[in-house]
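[1] sharing a model prediction with you, sequence too.
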Amino acid sequence: GENVEQHPSTLSVQEGDSAVIKCTYSDSASNYFPWYKQELGKRPQLIIDIRSNVGEKKDQRIAVTLNKTAKHFSLHITETQPEDSAVYFCAAAPRGSARQLTFGSGTQLTVLP
Amino acid sequence: EAGVVQSPRYKIIEKKQPVAFWCNPISGHNTLYWYLQNLGQGPELLIRYENEEAVDDSQLPKDRFSAERLKGVDSTLKIQPAELGDSAVYLCASSLGESGEQYFGPGTRLTVT
């Protein structure tokens, strides 16, 4: 089955700086890669996703890049704000089915004011 | 539109006792998921339903866990008897179609003493 590794497990940045979280996956058949944000005590929420037919996707301050050859993908947050502080999870799913997600172990991002 | 609803939000029980969690998915969502989330970890799939059929329950510990989704809408997850190691957050999610985003509920935090 799929195995998703995520790092770092914790990340602290100064407000206004950029943050990068990286994930690798094992199953070459995976082609759907969402990122979820989970604030303390709240539900995970999808913030951005990418499918393997594109290499990069942006949405305002967040972007995701995908390298299928190396089997890794990354989340980039620019101009970080205190409200970006949360746990971020990457996930991978095979063959375009968003139903079969395997999650990474999460990154606790802290944005220092 | 209401999101995924779960109850109870918190449950404390003694080991060997039974416990049940309830989930009401987003209206019209045919796929329902139960996940286990341990502290500091990503969600791990326990069972996935397509309508009323359980199509992936390979990670469900069937000696003590059971689930049902009567009429293809609400779902119940049961543990009997509970063990100390079952302390975790149990998340329910739902989605529509092959590529639909998974929407998570707020979770039930279970503490087994």
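    In hand now; what should we look at?

[2] so in terms of bridging, what pairs with the residue nearest the centre of chain B?
    Nearest to the mean C-alpha position of chain B, counting by Cα atoms, centre = their mean, stands residue B:34 at 3.1 Å. Residue B:34 has these beta-bridge partners by DSSP bridges: residue B:47, residue B:92.

[3] ok, it - contacts?
    Going by Cβ atoms under 8 Å, 6 or more residues apart in numbering or on different chains, residue B:34 touches B:23, B:45, B:46, B:47, B:48, B:67, B:75, B:77, B:90, B:91, B:92. Any C-beta I mention is one placed from the backbone N, CA and C, and that applies to glycine too.

[4] now, which of the residues you listed sits nearest chain A?
    Proximity of the contacts of residue B:34 to chain A was ranked by Cβ to the nearest Cβ; the top entry is residue B:48 with 6.5 Å.

[5] low pLDDT regions in chain B?
    Low-confidence segments of chain B (pLDDT under 70): B:1.

[6] near chain A, which residues of it?
    Neighbours of chain A within chain B, by Cβ under 8 Å from any Cβ of the partner chain: B:3-4, B:31, B:33, B:40-45, B:48, B:56, B:91, B:95, B:98-102, B:104-107.

[7] ChimeraX command for the buried members of those?
    Entered in ChimeraX, the line below selects the buried ones among those, by 16 or more other Cβ atoms under 10 Å in any protein chain shown:
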select /B:4,31,33,41,42,43,45,48,91,95,100,102,104,105,106,107
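
[8] close to chain B: what parts of chain A are there?
    Counting by Cβ under 8 Å from any Cβ, the residues of chain A close to chain B are A:4, A:6, A:9, A:32, A:34, A:36, A:42-46, A:49, A:89, A:91, A:96-101, A:103-106.

[9] which parts of chain B are helices?
    Counting by DSSP state H, chain B forms no helices at all.

[10] which residue does it have closest to chain A?
    residue B:42 (3.2 Å).

[11] just to check, that residue is in contact with residue A:104?
    Yes. Under the criterion of Cβ atoms under 8 Å, residue B:42 lies in contact with residue A:104, with a separation of 5.5 Å.

[12] quick one: common contacting residues for those two?
    With Cβ under 8 Å, 6+ apart, residue B:42 and residue A:104 have common neighbours A:4, A:6, A:89, A:91.

[13] is it correct that the last one is in contact with residue A:6?
    No. Under the criterion of Cβ under 8 Å, residue A:91 lies out of contact with residue A:6, with a separation of 9.4 Å.

[14] mutual contacts of those two, please.
    The overlap between the contact sets of residue A:91 and residue A:6 (Cβ under 8 Å, 6+ apart) consists of A:104, B:42.
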